[in-house]
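[1] next one to model:
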Amino acid sequence: MEILQLIGRVIFGGFFLYNALNHLFMGTDALTGYAQYKGVPAPRLMVYLSGLLMLLGGPSIMLGFEPRWGIALLLLFLFPVSFKMHAFWKEQGDVRLNDMINFQKNMALAGAALVLLAIPEPWPLSLGG
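    Below you'll find the predicted structure:
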């Protein structure tokens, strides 16, 4: 079971690490434009801040290093972003559908992050304690 937990942590945390790199390096301009469209104040700064939360939270989960802090950072990213950027109830048509999908995905990720809190520390096959 320990190896399965490690594989799950790598997949889960890797999702956030990949998206952090997208926010910070590869897709910054596009994400800034989208944040501006959604009415986010200081959109470029918020894209960088959200990227930083994921950059710290994702590897924390992957490595099992200070996982409670990593979970907190990811939740600090997921909840505000979900309600601000993916408020599907305010949209129509394809935008509504895309926002609904992303909102539901983020809520599922938040649920998975909360479930990780039930795993006693130190996590098996981890760097932390």
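[2] so residue 31 is in which element?
    Remark: residue 31 resides in helix 28-37, with elements defined by DSSP states H and E.
[3] and the longest helix along the chain, what's buried?
    As assigned by DSSP state H, the longest helix anywhere in the chain is helix 93-116. By neighbour count on 16 or more other CB atoms under 10 Å, the buried set for helix 93-116 is 99, 103, 106, 109-110, 113, 116. For glycine as for every other residue, the C-beta is placed from the backbone atoms N, C-alpha and C.
[4] of these, just say which sits nearest to residue 123.
    Closest approach between these and residue 123, by CB to CB: residue 116, at 8.7 Å.
[5] skipping adjacent residues, who's closest to the closest one in space?
    By the measure of CB to CB, 6 or more residues apart in numbering, the closest residue to residue 116 outside its immediate chain neighbours is residue 71, 5.7 Å from it.
[6] what does residue 63 give?
    Leaving aside its chain neighbours, residue 63 sits nearest to residue 127 (4.8 Å; criterion: CB to CB, 6+ apart).
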